[in-house]
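Q: Got a predicted model here, sequence first, then my questions.
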Amino acid sequence: MSSIKENITNFKNRLPEHVRLVAVSKTKPAEDILEAYNTGHLIFGENKAQELKDKQPGLPKDIQWHFIGHMQTNKVKYIAPFVSMIHSADRYKVLKEINKQAKKYDRIIPCLLQFHIAEEDTKFGFDWKEVKSMLESEAYKNLENIRLDGVMAMATFTEDMEQVRREFKQLKQYFDRLKSDHFSDDQNFKEVSMGMTNDYPVAIEEGSTMIRIGSAIFGARNY
């Protein structure tokens, strides 16, 4: 069985230059994260705020922590002091809370708008109309401690890669429309976070700039 170090090095060598890797370290111990970190990798993804809050103090300070799980408003406070990006801003209420907590630490927290593109009800996310009306609202303009850097979504968990491809195409279309209509002058609005271990090649073909890979680097989850 190959090591975490080998896995992450092989992965990064295969990726196009414009695609960044988020090494999903959820449920993994500090020593596994350090093995990946010691290859020079800095971006790690966690999906539980409490777990991330507990891990962060004992690991190198230059790690860029990306929160990728469903964001509950009452958990934002745990990660607001240090999180580098929140991928899963899936409703206005969450953005408002991130803004509130970021303000306490005099920070601007980069966020991605999570869209619902899957044919599964279990996935979270905005729909197009919600995002459009939010971006045109006065309430949104008052959120001075968040920065929208792009979009994120999860495809349906299926072996039908053509369905997955359609869903990823949809997210890229949302990104392109938002970029032209609302963020044309904003250099930070450039991320399309889509693709995981089972579907990342399709995601990259469809315009992903950030893939979230866990088990292909760290092995099976520890539950």
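A: Yep, it's here.

Q: Could you measure from the residue positioned nearest the centre of the chain over to L21?
A: Closest to where the C-alpha atoms of the chain average out (Cα atoms, centre = their mean) is H87, at 3.2 Å. Plainly put, H87 is 14 Å away from L21 if you go by Cβ to Cβ, to the nearest Å. In short, each C-beta sits where N, CA and C put it, glycine included.

Q: My understanding was that the residue nearest to the centre of the chain contacts L113; is that so?
A: No. Applying Cβ atoms under 8 Å as the test, H87 and L113 come out as separate, 9.4 Å apart.

Q: Now do the shared contacts for those two.
A: By Cβ atoms under 8 Å, 6 or more residues apart in numbering, H87 and L113 have these common neighbours: M152.

Q: Chain neighbours aside, what residue packs nearest to S215?
A: Nearest residue to S215 in three dimensions, chain neighbours excluded: T197, at 5.2 Å (Cβ to Cβ, 6 or more residues apart in numbering).

Q: Please read off the pLDDT at that neighbour from the model.
A: For T197, the pLDDT comes out at 91.

Q: distance between the ends of stretch 209-219?
A: From its first residue to its last, stretch 209-219 covers 23 Å (Cα to Cα, to the nearest Å).

Q: heads up, I number from 264, so please use that
A: Fine by me, first position is 264 from now on; the one you just mentioned is stretch 472-482.

Q: May I see the buried residues of that stretch?
A: Going by neighbour count (16 or more other Cβ atoms under 10 Å), the buried part of stretch 472-482 is 472-477, 479-481.

Q: right, and the secondary structure at G413 would be what?
A: On the three-state scheme (DSSP: H, G, I helix; E, B strand; the rest coil), G413 is labelled strand.

Q: And R475, by the same measure?
A: strand.

Q: what's near enough to touch the residue nearest to the centre of the chain?
A: 308, 329-331, 374-375, 377, 415, 456, 475.

Q: from these, which single one is nearest D444?
A: Checking those against D444 by Cβ to Cβ gives L375 as the nearest, at 17.1 Å.

Q: Confirm that closest one sits in a strand?
A: Yes. Going by three-state DSSP, the assignment for L375 places it inside a strand.

Q: partners of the closest residue to it other than its chain neighbours in the sheet?
A: Take L375 and drop its neighbours on the chain: the residue closest to it by Cβ to Cβ, 6+ apart is M415, 4.1 Å away. As for beta bridges, M415 partners with Q377, S456 under DSSP bridges.

Q: quick one, what contacts M415?
A: 331, 350-351, 375-378, 454-457 are the contacts of M415 under Cβ under 8 Å, 6+ apart.
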